[in-house]
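1. Let me see the structure of the following:
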Amino acid sequence: MGDPPKDASHLREHLALHQLWLDKAAGGVRADLTGATLTDLNLEGVNLREAILCDTRFIDTNLSGANLSGADLTNSDLRRANLMGADLSGANLTNAGFQFALLGGVYFVDAQIVGTRFDKANMRDTRLFEARLVGAHFTDANLSGAFFNRCAIIECNFAGADLTGATLLRARLQACRFNRAHADTADFSLVSAPDTDFGGVQFESVKFYQADLSRANFFRASLSGCNFTEAVLSFADFSLASLMSSRFNGANLTTSDLTSAILTGVRELTIQQLGAARTAAGTTLPNGTSGPYRRGSGAERPVTR
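-> From the prediction side, this is the model:
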């Protein structure tokens, strides 16, 4: 076949030979577009499954509906590309750049997402089931409705991201940051997320059922109407956080810092839970009175109107 194309010329021939290779037909050659410049093209629905696309430039290219499953996209540049509905399951996305890209409905199942940039990308309703994410950046990305179920998420940055309606069931998080993120009705149930930084988040009606949030940072977080049922919150920092009308049935609050938290209307807190947490004069207790919490005061019961 010769050298891979460095631009759009001869691309059709490469694609035809790649299809033969996928079909295991005579004369087929696996597409190797390493270093190619394929910017601002219409490649809608292209089949580059298992292709080698390292260092390839797809800036502003239309790859909507493309099959890139199993492809090697290491160091590729897909800024502002349109990949709506594309399949990247099993792809290697190490150090790839998807900044400002359109990724709605993309499948990232089992993908290797290491050092990948998704800053300000539109990833609405993407599927990342069981993917491995290490050092990835989702700063200010739209992740509404995205699925991170059973993902391993290590040292990733979700600062300012929109996680409205996102689902992270049984995800494993390590040293991740969600500063300033907002996530109405998201589901973090059964996640393992010790030491995670949720500082300044705007989370309303988020589920943390049986989540491990030990030592997590919720400094200045807005957490109204959240469900922390049976969550592990030991040593978590809720300084200056608002937890209004949230639920804590069976949660472990051992040494949780509630010294300046707003607990107005919080439900299902027991004498034992509040006694195990740290409260102070700056705490607003469930019944609206100021702390610290004193056993027998009844302040663990929210005011009913």
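2. Just the endpoints, please. Distance across stretch 254-267?
-> Stretch 254-267 stretches 17 Å from its first residue to its last (C-alpha to C-alpha, to the nearest Å).
3. Contacts for it, please.
-> The contact list for stretch 254-267 (C-beta atoms under 8 Å, 6 or more residues apart in numbering) reads 233-249, 269, 274, 276-280, 282-286, 288, 291, 302-303. The way it works is simple: take the backbone N, C-alpha and C, and place the C-beta from them, glycine included.
4. quick one: the helices in the stretch 201-305 of the chain?
-> 271-276 (DSSP state H, counting those that start in this stretch).
5. on that earlier part again, out of the contacts of stretch 254-267, which are buried?
-> 233-248, 269, 274, 277-279, 283-286, 291, 302 (16 or more other C-beta atoms under 10 Å).
6. how near is Thr126 to Ala111?
-> Shown here: Thr126 relative to Ala111, a distance of 10 Å by C-beta to C-beta, to the nearest Å.
7. Can you give me the domain boundaries for the protein?
-> Structural domains of the chain, as assigned by automatic domain parsing, span the residue ranges 31-187, 205-305.
8. out of the ones you listed, deepest packed?
-> Comparing the domains of the chain by mean neighbour count (mean count of other C-beta atoms under 10 Å), domain 31-187 ranks first with a mean of 22.
9. and that domain, average pLDDT?
-> The predicted model assigns domain 31-187 a mean pLDDT of 97.
10. and the end-to-end length of that domain?
-> End-to-end distance for domain 31-187, by C-alpha to C-alpha: 40 Å.
11. just stretch 82-101 next, same as before
-> 6 Å.
12. Check stretch 260-270 too.
-> Separation of the first and last residues of stretch 260-270 by C-alpha to C-alpha is 19 Å.
13. next one: it to chain centre, how far?
-> Averaged C-alpha coordinates place stretch 260-270 at 28 Å from its chain's average position (C-alpha atoms, centre = their mean, to the nearest Å).
14. For Leu243, which non-adjacent residue is closest in space?
-> Closest residue to Leu243 apart from its sequence neighbours, by C-beta to C-beta, 6 or more residues apart in numbering: Leu223 at 5.0 Å.
15. got JSON lines for the domains of the chain, with distance to Trp21 too?
-> Below are the domains of the chain laid out as JSON lines (distance: least, C-beta to C-beta, whole Å):
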{"stretch": "domain 31-187", "distance to Trp21": "8"}
{"stretch": "domain 205-305", "distance to Trp21": "45"}
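16. Mind listing residues that contact stretch 213-223?
-> Counting by C-beta under 8 Å, 6+ apart, residues outside stretch 213-223 touching it are 193-204, 206, 228, 231-243, 246.
17. any idea how far Phe98 is from Ala111?
-> 12 Å.
18. Can you report how many residues neighbour Gly27?
-> 9 (other C-beta atoms under 10 Å).
19. and it, what is it in contact with?
-> For Gly27, the contacting residues are 17, 20, by C-beta under 8 Å, 6+ apart.
20. Next one: Gly296, what pLDDT does it get?
-> On the pLDDT scale, Gly296 is placed at 89.
21. Over to Lys6?
-> With respect to pLDDT, Lys6 has a value of 49.
22. Now name the helix or strand holding the closest residue in space to Phe100 that isn't next to it in sequence.
-> Excluding the flanking residues, the one nearest Phe100 by C-beta to C-beta, 6+ apart is Arg80, at 4.7 Å. According to DSSP states H and E, Arg80 maps onto no helix or strand at all.
23. Look up how far Thr56 lies from Arg80.
-> Distance check for Arg80 against Thr56: by C-beta to C-beta, it reads 15 Å.
24. quick one, strands of the stretch 101-250 of the chain?
-> Taking DSSP state E, counting those that start in this stretch, the strands of the stretch 101-250 of the chain run over residues 112-114, 132-134, 152-154, 172-174.
25. and for the last one, what are the contacting residues?
-> Identification of contacts with strand 172-174 by C-beta under 8 Å, 6+ apart yields 151-156, 191-196.
26. could you redo the last one with a cut-off of 6 Å?
-> The contact list for strand 172-174, computed with C-beta atoms under 6 Å, 6 or more residues apart in numbering, reads 152-154, 192-193, 196.
27. Quick one: distance of that strand to the chain centre.
-> The gap between the average C-alpha position of strand 172-174 and the chain average comes to 11 Å, counting by C-alpha atoms, centre = their mean.
28. If we ignore the residues flanking it in sequence, what's nearest Glu268?
-> Closest residue to Glu268 in three dimensions, ignoring its sequence neighbours and counting by C-beta to C-beta, 6+ apart: Asn249, at 3.8 Å.
29. what do you get for Ile52?
-> With C-beta to C-beta, 6+ apart as the measure, Asp32 is the residue that lies nearest to Ile52, at 4.3 Å, once sequence neighbours are left out.
30. That's all I had, so thanks and see you.
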